[in-house]
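Novice: Build me a model:
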Amino acid sequence: MAEPDAREYLGKVRRFLRLDKLPPWLRKIIVFTVGGLLLIAGLIMLVTPGPAIILIPLGLLILGFEFKWAETAAHKVIEWFQRVRAKWKKRKRQHRAQ
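Specialist: Numbers count the residues shown, from 1 in each chain. Predicted coordinates for the structure are as follows:
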């Protein structure tokens, strides 16, 4: 079974949140506010204690629903997480084989 790509993840989350049912102007305001706050909070948490590694990708993912630059960044982050996950699984299998 093939791994879903980043575009499929964004689509699933967008459908789950029912963002398509909102008027475009309201959707942009909500997405910009929530995604921007999460992204800013994550950037602040790079220098203060907190889960920056979670909030920055989450903010980019939410902003990616409406803004092309954030969608591109979110795709890169999701693909990076998929590569890390694949390496982790490979390392786990090698460890079991020993």
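Novice: Number of residues surrounding Leu38?
Specialist: Close neighbours of Leu38, defined as other Cβ atoms under 10 Å, add up to 20. Placement of C-beta: from N, CA and C, glycine included.
Novice: gap between it and Arg27?
Specialist: For Leu38, the distance to Arg27 equals 16 Å [Cβ to Cβ, to the nearest Å].
Novice: now do Ile44
Specialist: Relative to Arg27, and taking Cβ to Cβ, Ile44 is found at 26 Å.
Novice: How about Ala86?
Specialist: In terms of Cβ to Cβ, Ala86 sits 33 Å off from Arg27.
Novice: Can you tell me the centre-most residue of this structure?
Specialist: Leu61 (3.7 Å; Cα atoms, centre = their mean).
Novice: host element of the spatially closest residue to that residue that is not a sequence neighbour?
Specialist: Computed as Cβ to Cβ, 6 or more residues apart in numbering, the closest residue to Leu61 that is not its neighbour in sequence is Ala74, at 4.8 Å. For Ala74, the host element (DSSP states H and E) is helix 68-97.
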